[in-house]
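Enquirer: Provided below are the primary sequence and the corresponding predicted coordinates.
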Amino acid sequence: GPLRGLLSRRAPRPERERGRLGRAPKIALIVLVTVLALAGAFAVVANSSIFAATDIQVVGGERVTKEEMEAVISIPENATLLNVDTAAISQSLEKLPWVAGVDVERIFPHTLKITPRERQVAAIVYLASDDIAWAVSTDGTWIAPLTVAATVDADGNVVEDPSTLPEGTQTTELTGVDAALVLARQAGAVLFTDVAGGVSPVSGAAVDSDVITAGLAYATGFSADFLKQVKDISLPSVEAISVHLTSGVEVSVGAPDNIETKERVVTRLLEQEQNVTYINVRTPDAYTFRSAQTG
């Protein structure tokens, strides 16, 4: 009857579904075999001499020499551009105190170019007790100690090699804090002076001194225009931080809060008042100042 006819027409459907279900594992198997084949092919190419890293180009920076980098880099003889361990290269180079990171560029077919990203100096910390200066990076890392000595010409410019100057050229040998100030200017950084005791720098270590951290907050928080006016920052303690401007004005700023507001108050005051010698902006909305007597 009608029901038997309907059942006979629907009977083949389960067979088609079983066919599709039967094909699914076959497709998955084909995909798996293809992936494994590609992975195997890549492994063969990656470890073959087709892209052998035979040309290693090490690019030195301003503070890190090519020779220093080559001394710590170790690349296996069978390395290729595809299997070279770039993380290992970075880790070895980041042991150098001036290196913040490393760029490894693959230039096919055989060149590996290695370039350091050097730390940016935020401050030069002069430690009078040891007569030594330390470079500190913008990320709060002790970089390295610097020789506290400098030769400058009559205009105050650093002379790297006095023997190259014309005969009779006047030069001055600077030491101590004067040399540290020149080093800071040369690095485009701020000089920290009068540093509280107990500061113990370690090359490559994070700064753990509260007073140095406070100084860095000002060194990185002041605007570039204002920093051009800063001669040095005195750090006897966190609460007693003072900024000495190149104009001779002393600014008592205290702990590193409301830095932008403090800078704005000082800038406006210097524009409006004459012969200012001292400004206290520890509490910027209740600042005080002194002016030199004239006439």
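Expert: Cool, the structure landed.

Enquirer: contact partners of the one helix or strand residue 263 maps to?
Expert: Element membership for residue 263, per DSSP states H and E: helix 259-272. Applying CB atoms under 8 Å, 6 or more residues apart in numbering, the external contacts of helix 259-272 come out as 217-218, 221-223, 226, 247, 249, 251, 253, 276, 279, 281, 284-285, 287, 289. To be clear about C-beta, it is placed using only N, CA and C from the backbone, and glycine gets the same treatment.

Enquirer: now that helix: buried residues?
Expert: For helix 259-272, a neighbour-count test (16 or more other CB atoms under 10 Å) marks 259, 262, 263, 265, 266, 269, 270 as buried.

Enquirer: centre of the chain to that helix, how far?
Expert: Put simply, helix 259-272 sits 29 Å off its chain's centre (CA atoms, centre = their mean, to the nearest Å).

Enquirer: repeat for stretch 226-238
Expert: Distance, centroid of stretch 226-238 to centroid of chain: 21 Å (CA atoms, centre = their mean).

Enquirer: now do the same end-to-end measure for it.
Expert: Using CA to CA, to the nearest Å, the end-to-end distance of stretch 226-238 comes to 21 Å.

Enquirer: list the contacts of that stretch.
Expert: Contacts for stretch 226-238 (CB under 8 Å, 6+ apart): 123, 181, 184, 190-196, 210-212, 214-215, 218-219, 222, 240-247, 255-256, 263, 266-267.

Enquirer: I'd like to know the average pLDDT value across that stretch.
Expert: Per-residue pLDDT over stretch 226-238 has a mean of 97.

Enquirer: and if you look at stretch 70-82?
Expert: 92.

Enquirer: do stretch 136-146 as well
Expert: For stretch 136-146, mean pLDDT is 96.

Enquirer: do stretch 159-173 as well
Expert: The average of the pLDDT scores along stretch 159-173 is 87.

Enquirer: can you tell me which residue is spatially central in the chain?
Expert: The centre of the chain sits closest to residue 119, judged by CA atoms, centre = their mean, with a distance of 3.9 Å.

Enquirer: measure that one to residue 93 for me?
Expert: 12 Å (CB to CB, to the nearest Å).

Enquirer: hey, what's in contact with both of these two?
Expert: residue 99.

Enquirer: and the contacts of stretch 226-238, which of them are buried?
Expert: Buried among these by 16+ other CB under 10 Å: 123, 181, 184, 190-195, 211-212, 214-215, 218-219, 222, 240-245, 256, 263, 266.

Enquirer: narrow those to those in helices?
Expert: Using DSSP state H, the subset of the buried ones among the contacts of stretch 226-238 located in helices is 181, 184, 211, 212, 214, 215, 218, 219, 263, 266.

Enquirer: now, which of these sits nearest residue 104?
Expert: Among these, residue 219 lies closest to residue 104 (CB to CB), at 31.3 Å.

Enquirer: who touches that closest one in this structure?
Expert: Contacts of residue 219 (CB under 8 Å, 6+ apart): 122, 123, 189, 190, 192, 227, 233.

Enquirer: also residue 66?
Expert: 58, 59, 60.

Enquirer: ranges for the strands of the protein?
Expert: With strands called from DSSP state E, the chain shows them at 55-58, 99-107, 111-118, 121-127, 132-137, 142-146, 149-153, 171-175, 190-193, 230-234, 242-245, 250-252, 276-280, 288-291.

Enquirer: distance to residue 200 added to those strands, as JSON lines?
Expert: Shown next, in JSON lines, are these (distance: least, CB to CB, whole Å):
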{"stretch": "strand 55-58", "distance to residue 200": "33"}
{"stretch": "strand 99-107", "distance to residue 200": "22"}
{"stretch": "strand 111-118", "distance to residue 200": "24"}
{"stretch": "strand 121-127", "distance to residue 200": "10"}
{"stretch": "strand 132-137", "distance to residue 200": "10"}
{"stretch": "strand 142-146", "distance to residue 200": "9"}
{"stretch": "strand 149-153", "distance to residue 200": "23"}
{"stretch": "strand 171-175", "distance to residue 200": "23"}
{"stretch": "strand 190-193", "distance to residue 200": "15"}
{"stretch": "strand 230-234", "distance to residue 200": "20"}
{"stretch": "strand 242-245", "distance to residue 200": "23"}
{"stretch": "strand 250-252", "distance to residue 200": "27"}
{"stretch": "strand 276-280", "distance to residue 200": "31"}
{"stretch": "strand 288-291", "distance to residue 200": "36"}
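
Enquirer: output the below-cut-off pLDDT ranges for the stretch 1-150 of the chain.
Expert: Low-confidence regions of the stretch 1-150 of the chain, defined by pLDDT under 70, span residues 1-24, 26, 28-48.

Enquirer: mind redoing it with 90?
Expert: Counting by pLDDT under 90, the stretch 1-150 of the chain contains low-confidence ranges at 1-51, 77-78, 147.
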